[in-house]
Each structure stands twice: as C-alpha cells, then as structure tokens.
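[1] sequence first, then the predicted structure, then my questions.
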Amino acid sequence: MWLLAIVTGDAPSDEALMERYLAGDARALGTLYDRHARALRAFAAQQGALRPDDVVQDAFLRVVRNGSGFKGQSKFKTWLYAIARNLCIDASRRDRFRNGPSLDAPTRGEDGDGPTLGERVASDAVGLDASRNLADDQFRGAFESAMERLPTEQREVFALRELSGLSFAEIAEATECNENTVKSRMRYALKALRDALRDHL
C-alpha cells in the first residue's frame, strides 16, 4: 500500500506511515510527528495543559510503546488524540493538587512573564477572521475568557473540531461518546462563544 504511494508521489496516509513504522522504518514516525505535533500541542494548550509540549512528547512515546496495539481499526489521528486527551485529563487531575494557573494565567519565560496558555494557540474560532481579530488584544482576552468559561466537555469538542480538524465521528470515537452528543456540545459551545463575543464581532 505504501509502496504505491511512493511510486505515484502521493503523500502516504497516517495509517500507511504507521504500517511502515511498525515494519521498522523509524523515519515514518518522524513524519507522523511532523504532521501532527503542532495541532496536538495547540489542543493540549487549549485543554489547559500547563506543559503542552510534554503532552505531545508523552503521546508519541505511547505511540512507540503501544504501536503494536494499533490495528488500523480506527484512524491513526483519532487514536493519537484519544491518547492526548487522556494525558490531558491525567495532567489536569495532577495539576489540581498543585494549584496550577488557569488557562489565562501567564507562563514564565526567560525574560519574566510569558504569553498566556491561550495566547499560544492561534484559532480562527467560530468562523472569525483570525488574522484581524486575534491581533486585537481586546478580542483575544475576551475569547480566552469565553473559552475558559465553557464546560470542559464543550471546550474539548470545540478544540478537537476547530484546532485539530477532527470530524464529529472521529471526536466521538476519541472521547468515547455518542456522535449526537458531540454535535450537541459543539452547538452549545458555538452559541456560548458567539454570545460572549457579540460585542467584538
């Protein structure tokens, strides 16, 4: 299957790359990492992970350790995000005992206060002109505040859909819930965000 992709010049699918990795081609895993790391990092940050890079690294470490368990019954991307989601949930439980900062708390940089976790994530949320609106500090603050007020389940679905590009069916599989429930959570999230940002649109 992946040989055909090489011959025709088409980019191999995630599943074909995983097949190559399991057959001993370590470069295939590097390609998967390059393909998904940025969006996975954004998803982890949006979920409030204090160290989104650690979530990405741990997710791919689990891919390495449990790769033989991937049977191709679901998409690689769905499997990867299910892993990342569980890591975020685990991290959130740990961080709760550490009184970690909220999503809009500044992170520490080398020169003092760094950007907030939310600022690290560029999103064209709710069909807005991201290049115009996210450059606007007032809008950014309102958007981050609105995201933080969303119930966890709605924020998660919104991030998986808008930041990571998963379909509703893939989100349902990754979160182990009904697709209609996923769609309902997305509708509520969009309505809440639009209502909160009405004065900024």
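    On my side now, so go ahead.

[2] rest of the way, CA atoms for contacts and neighbours
    Fine.

[3] and Ala45, how far from Lys191?
    Ala45 is 22 Å from Lys191, where distance means C-alpha to C-alpha, to the nearest Å.

[4] I should have written Thr175 there, sorry.
    Per C-alpha to C-alpha, Thr175 is found 21 Å from Lys191.

[5] more neighbours: which of the two?
    Thr175 (20 against 13; other C-alpha atoms under 10 Å).

[6] mind listing what the more buried one touches?
    If you count contacts by C-alpha atoms under 8 Å, 6 or more residues apart in numbering, Thr175 has them with Ala82, Arg85.

[7] per-residue pLDDT of it, please?
    Predicted confidence (pLDDT) for Thr175: 91.

[8] next one: the one 10 residues further on
    The confidence metric pLDDT takes the value 93 at Arg185.

[9] repeat that for Thr107.
    pLDDT, Thr107: 49.

[10] now Thr31
    Thr31 is given a pLDDT of 95.

[11] what does Gly127 give?
    46.

[12] the domain parsing of this structure - what is it?
    Using automatic domain parsing, the domain ranges for the chain come out as 13-101, 119-201.

[13] I'd say Glu173 and Thr78 touch.
    Yes - under the criterion of C-alpha atoms under 8 Å, Glu173 makes contact with Thr78 at 7.0 Å.

[14] please identify the helix or strand for Glu170.
    For Glu170, the element it lies in under DSSP states H and E is helix 168-175.

[15] dump that helix to CSV, restricted to CA.
    C-alpha atoms of helix 168-175 as CSV (Å, rounded to 0.1, in the frame of the first residue of the first chain):
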residue,chain,number,x,y,z
PHE,A,168,-17.6,14.7,14.6
ALA,A,169,-17.4,10.9,14.1
GLU,A,170,-13.6,11.0,15.0
ILE,A,171,-14.3,13.2,18.1
ALA,A,172,-17.0,10.8,19.2
GLU,A,173,-14.5,7.9,18.9
ALA,A,174,-11.7,9.8,20.6
THR,A,175,-13.9,10.9,23.5
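
[16] roughly how far out does that helix sit from the chain middle?
    How far helix 168-175 lies from its chain's middle: 13 Å, per C-alpha atoms, centre = their mean, to the nearest Å.
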